[in-house]
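Trainee: The sequence and its predicted three-dimensional model are supplied below.
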Amino acid sequence: MVSEPGMQDGNFSVDGLRGLSGVGITRLATDAMARVAARDSAACAALKEPVVAAMMAAAGARDPGAMDRLWSDFRRSKISDRMLADHYIPEVARRLGRKWEDDTASFAEVSIGSARLQTLLHEVSKGWVAGGTGAPAAGTVLMIVPMGEQHTLGAVVATGWLRRNGVSVCLRIAPTQAELAAILAQRRFDGAMISVACHEKLETCTGLVKTLREDSSAGLRIALGGAILELQRGEDVSAVSGADIVTNDLPKAVEALGLTARRTLMAV
C-alpha cells in the first residue's frame, strides 16, 4: 500500500498520520462502528445504498467540497442528522476500513476520507447539547481519547449519541495527567469513558484509570470501549485497565455508570 505524501484536505494533513500502521488505519475507520452501541438492525437494513455509495464517492473525491454537496441528497432521501451520525457515517467508515484491508485504497485516501467524515459529523452534531432546553441532564461524563491514539471519529460519534440522549459530555483528546487533574478539580463528573483502539495503549489507559480514581473525590466509575474490543487477543481488558466496565454497548455503559438517559435535547 502506497501513501501519497503531501496530500491535504482543508486543515487535515496526511503527514500527521505518517506513523500509523495498516492495522492502525483500519482501527481508525472501524472504531466509529465499535463505539456506537446496540445498533438497531432494522435501521441498518434500511440504509439507502445510493446514498452510502454517494458518500463513499465523496469521501474519496479529489474535490474537497464533494461531501458538502450531498446535503440535498440527504434531505431528498429524508435522512435525518441523527441517522447520518448513528448509521450512515459509521457505515461509510467501516467500508473505508475494508477498502484498506482489501488493498483497494491508499493510506492517503482512507485518511482523507475519515477526515471528511469527521467534518460531516461535526456539522450534523454541533447543535446537540444535553442541557439546551433548561431541563436537567441525565448526568455528566468525561470522554477521553488517550494520548498517542490516532483515532477520534469513534469518540466523537459516541459523544454525539450521549448528548442526544440527555448526557452532558466533556470531550478531551490526549490530555496530560496534569490537565486531567485540573479538569477533575474544577468540575464534577458522574462517570468517565475512555475510547481506545489499540492494545499498545492499554498501559496508558491503566494510568488514566488510576489518575481518574485518585483525583476524583466521589469514586468515579469508568467505562472503556473502542475498536480494541474488536481485536481478539485473549487479554482481559477489564483486569488490565482497571475500568469498571468494558463494553461497546453505550446504553449498557450509561447504565453501568449510574446515568439515566431521560430524553434527547437537541437545539434545532
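Mentor: Thanks, I have it. From a predicted model like this one, the values you see are computed outputs, not experimental measurements.

Trainee: tell me, what residue is most central in the protein?
Mentor: The centroid of the chain falls nearest to Gly154 when counting by Cα atoms, centre = their mean (1.6 Å).

Trainee: Hmm, Ala227 and that residue touching each other?
Mentor: Yes: at 6.8 Å, Gly154 counts as touching Ala227 under the criterion of Cβ atoms under 8 Å. (C-beta placed from N, C-alpha, C; glycine too.)

Trainee: Give me the pLDDT for the residue nearest to the centre of the chain.
Mentor: Model confidence at Gly154, given as pLDDT, is 79.

Trainee: Next, work out how far apart it and Ile228 are.
Mentor: Relative to Ile228, Gly154 is positioned 11 Å away (Cβ to Cβ, to the nearest Å).

Trainee: any common contacting residues for those two?
Mentor: Counting by Cβ atoms under 8 Å, 6 or more residues apart in numbering, the contacts common to Gly154 and Ile228 are Ala197.

Trainee: Show me what the helix or strand hosting Met193 is packed up against.
Mentor: Element membership for Met193, per DSSP states H and E: strand 191-195. When contacts are defined as 3 or more Cβ pairs under 8 Å, 6 or more residues apart in numbering; DSSP states H and E, strand 191-195 packs onto strand 139-145, helix 153-164, helix 202-215, strand 221-225.

Trainee: residues in contact with it?
Mentor: 31, 35, 139-146, 149, 151, 154-155, 158, 205, 208-209, 212, 220-226, 241, 243, 253, 257-259.

Trainee: from those, which would you call buried?
Mentor: Buried members of the contacts of strand 191-195, counted by 16 or more other Cβ atoms under 10 Å: 31, 35, 139-146, 149, 151, 154-155, 158, 205, 208-209, 212, 220-226, 241, 243, 253, 257, 259.

Trainee: The strand holding Met193 - which strands sit beside it in the sheet, and in what orientation?
Mentor: The sheet places strand 191-195 alongside strand 139-145 (parallel), strand 221-225 (parallel), with pairing taken from DSSP bridges.

Trainee: May I see the ones you listed organised as CSV, with distance to Asp190 added?
Mentor: Shown next, in CSV, are these (distance: least, Cβ to Cβ, whole Å):
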stretch, distance to Asp190
strand 139-145, 4
strand 221-225, 8
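
Trainee: Out of those, which is closest to Asp102?
Mentor: Nearest of these to Asp102, taken as Cβ to Cβ: strand 221-225 at 26.2 Å.

Trainee: quick check: angle from the closest one to helix 202-215?
Mentor: 160 degrees (axes from the mean of the first three to the mean of the last three Cα atoms, to 10 degrees).

Trainee: Tell me which other helices or strands the following helix or strand past strand 221-225 touches.
Mentor: Remark: after strand 221-225, the chain's next helix or strand is helix 237-241, criterion DSSP H and E. Where contact means 3+ Cβ pairs under 8 Å, 6+ apart, helix 237-241 is packed against helix 202-215, strand 221-225, strand 245-246.

Trainee: what does the model give Ala37 for pLDDT?
Mentor: 38.

Trainee: just Val145 next, same as before
Mentor: Listed pLDDT for Val145 reads 90.

Trainee: which residues touch it?
Mentor: Contacts for Val145 (Cβ under 8 Å, 6+ apart) come out as 151-152, 155, 171-174, 194-196.

Trainee: what do you get if the cut-off is 6 Å, keeping everything else the same?
Mentor: Listed by Cβ atoms under 6 Å, 6 or more residues apart in numbering, the contact set of Val145 reads 152, 155, 173, 195.

Trainee: now for the lengthiest helix in the chain, which elements pack on it?
Mentor: If you go by DSSP state H, the chain has its longest helix at helix 107-125. With contacts defined as 3 or more Cβ pairs under 6 Å, 6 or more residues apart in numbering; DSSP states H and E, helix 107-125 has these neighbours: helix 22-35, helix 49-60, helix 89-101, helix 153-164.
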